[in-house]
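K.L.:
Sequence plus the predicted model coming up.
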Amino acid sequence: MRTTMTTALALFALVASPAPAFAQSDGAREWLERAAEAMGGLERLQSLDSFVLTGFGLNLNQQGGSRVTGHPMAPGKYQAMHAVERSFDLVNERALNRDRRAFLFPFAATFGQSWSQGSQLQTGAGMLDHPLPALLEALDPGTALGPVRVEDGLTVVEFTLEAGETLWLAIDPATNLPEWVRWISPSSALGDVTSTAWFTGYLPFDGVRLPIGLTTTIDWRDTVTAELNVDSYRLDAGLPDFPGGGGGGFGGGAPEAEVTGLADGVWDVRVGGNGGAVIEFDDHLTMFEAYGSEAATLARIDAANGLVPGKAVTEVIVTHHHFDHTGGLRAAVSRGLTVIAHRGNEEIFREMAARPAPVYPDALARDPRPLDFVPVDEHLVLEDRTARVDVYHAIGHLHMANAVIAYIPEHRILLEGDFSTYNWDWHWWGDAYLDNVEHYGLDPAINVPVHGIVTTFDETVAAIGEQVARARAFCAESERQGVYPAGCPVRYSR
């Protein structure tokens, strides 16, 4: 890699004001035409109607947000991508990505090992992570060309699509070949994320030079999020049937939270099957987990704030740092909520809350506030005259090290995330649930998970046992076939 990734904040500052390293003598279009000539000639590139590439690679799960801890050097969890096929319809400016994936880490659902084919339709800026469509789009008459600058010896051309998205294409002046393309997109966990697709190993294919190495990085911790090795290109090849529409959306407006009373002063509040408890104290409410997204978390907070007149949510217990469980962290901070979590998550939570989002402003960008963090070491007690909640460091869970569980002793209610879900296909860490119950001397009658539904303690333990048995059967069948998936053999002592 030629350079360390520019952070999002630095990139925004660079776009906002001229830098001393701008190339003044050569215009943007001239540089783009040089790149087109190096790739095979502008006329040849513009004559193409389509191309298809195939290959194999790796995808980093949750953009690096599902590591065992939030430490930057914690090992990543990856998905293998096989039978990759990217079909580019240059005439209609769309691309269809198809691949077969399997998780290279233990996962609770069978689809993680199914190798079933997935597909994604891309349009607009979404299909420009390859030099050929990016260069053609930059040269399109409807595209507005911006300033040219120099970054680490590369000539960088800014261009803005008719739809409004701005991208940057870097050209190596030694070869005139595109080196990378960069764009900004929103993330519920990280605010604005700057992604860079790097192009390496150019070879000629039917008179057009194309890269056989594609690597994507993001500006958060300079993380490599995807790697693709290309094993074929076909130009003006037959295209598969493309699905209609442009990828669609969720529709239906803002999500609605469902509220269920569990005990006096305790409610289950969830959106789309995910969420957790809300507990009443003397003068405030405490919410468990900031799961999923800004919209889901704000919907849960708003629903909770309507439960008890004069009392609002002022703090949230976050089980662990995984980005599905912290997709609403920035939203919670925007509402001024104190975040209670294991001490090992403070660094990553402060990183997440401090990231800017000027291009796609989220709730925290619109209402910026500092993170108020309360650390949990082994045991933290939240107590007043109305309620008591014990927050414990979760032991022995190999899915996440810096996690917490919570227990409401008066009502014998256990609150947890990623310890159980009634409808998991497999369970790889079955011991962790009872290990924590026994280690802390808890006596739960009710289990309130982040995922799924509220169940009794006995139902939870029975479901875990069945899920472990199915995981063991899967491992045994895989071994008979000479396949050894991550997580096998299952360690379970109950």
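P.N.:
All right, it came through fine.
K.L.:
alpha carbons only for contacts and neighbour counts from here, please
P.N.:
Noted.
K.L.:
Just the helices from the stretch 151-300 of the chain, written as ranges.
P.N.:
For the stretch 151-300 of the chain, the helices defined by DSSP state H, counting those that start in this stretch occupy 294-305.
K.L.:
Can you pull the domain assignment for the chain?
P.N.:
16-235, 258-480 (automatic domain parsing).
K.L.:
weakest of those domains by average pLDDT?
P.N.:
Per-stretch mean pLDDT for the domains of the chain is lowest at domain 16-235 (a mean of 94).
K.L.:
How far does that one sit from its chain's centre?
P.N.:
18 Å (Cα atoms, centre = their mean, to the nearest Å).
K.L.:
Next: stretch 417-436.
P.N.:
Using Cα atoms, centre = their mean, the distance between the centre of stretch 417-436 and that of its chain works out at 22 Å.
K.L.:
same check, this time on stretch 430-450
P.N.:
29 Å.
K.L.:
Switch the domains of the chain over to TSV; also include distance to Cys488.
P.N.:
Formatted as TSV, those follow (distance: least, Cα to Cα, whole Å):
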stretch	distance to Cys488
domain 16-235	8
domain 258-480	6
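K.L.:
Throw the ones you listed into TSV and include mean neighbour count and distance to Arg494, thanks.
P.N.:
Below are the domains of the chain laid out as TSV (neighbours: other Cα atoms under 10 Å; distance: least, Cα to Cα, whole Å):
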stretch	mean neighbour count	distance to Arg494
domain 16-235	18	19
domain 258-480	20	7
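K.L.:
how close does the closest residue to Thr225 other than its chain neighbours get to Gly238?
P.N.:
Distances taken as Cα to Cα, 6 or more residues apart in numbering put Leu60 closest to Thr225, at 4.8 Å, once the chain neighbours are dropped. For Leu60, the distance to Gly238 (Cα to Cα, to the nearest Å) stands at 31 Å.
K.L.:
the helices in the stretch 351-494 of the chain, which residues?
P.N.:
Going by DSSP H, counting those that start in this stretch, the stretch 351-494 of the chain shows helices at 363-366, 431-439, 457-480.
K.L.:
mind checking which of those helices is nearest Leu380?
P.N.:
helix 431-439 (15.1 Å; Cα to Cα).
K.L.:
what's next to the closest one, contact-wise?
P.N.:
Contacts to helix 431-439, defined as Cα atoms under 8 Å, 6 or more residues apart in numbering, come from residues 394-397, 419-420, 443-444, 461, 492-494.
K.L.:
now stretch 417-427
P.N.:
So stretch 417-427 is contacted by 107-110, 319, 405, 429-430, 432-433, 449-453, 455, 460, 463-464, 467-471 (Cα under 8 Å, 6+ apart).
K.L.:
does the spatially most central residue of the chain sit in a helix, a strand or a coil?
P.N.:
Centroid-nearest residue in the chain, with Cα atoms, centre = their mean: Gln62, separated by 3.5 Å. Look at Gln62: counting by DSSP: H, G, I helix; E, B strand; the rest coil, its state is helix.
K.L.:
got the contact list for it?
P.N.:
Neighbours of Gln62 in contact, by Cα under 8 Å, 6+ apart: 322-324.
K.L.:
Name the nearest of the residues you listed relative to Ala254.
P.N.:
Using Cα to Cα, those come closest to Ala254 at Asp324, 18.5 Å.
K.L.:
Leaving out sequence neighbours, find the closest residue to the closest one.
P.N.:
Using Cα to Cα, 6+ apart, the closest residue to Asp324 is Gly292 (5.1 Å).
K.L.:
pretty sure the one you found contacts Leu329?
P.N.:
No. Counting by Cα atoms under 8 Å, Gly292 stays clear of Leu329, with 9.1 Å between them.
K.L.:
residue boundaries of the strands in the stretch 51-200 of the chain?
P.N.:
78-89, 94-103, 117-123, 144-151, 154-160, 166-171, 178-187, 191-205 (DSSP state E, counting those that start in this stretch).
K.L.:
other SSEs contacting the last one?
P.N.:
So that's strand 191-205. helix 8-16, strand 178-187, strand 208-218, strand 223-235 (3 or more Cα pairs under 8 Å, 6 or more residues apart in numbering; DSSP states H and E).
K.L.:
6 Å - rerun?
P.N.:
Secondary-structure packing of strand 191-205 (3 or more Cα pairs under 6 Å, 6 or more residues apart in numbering; DSSP states H and E): strand 178-187, strand 208-218.
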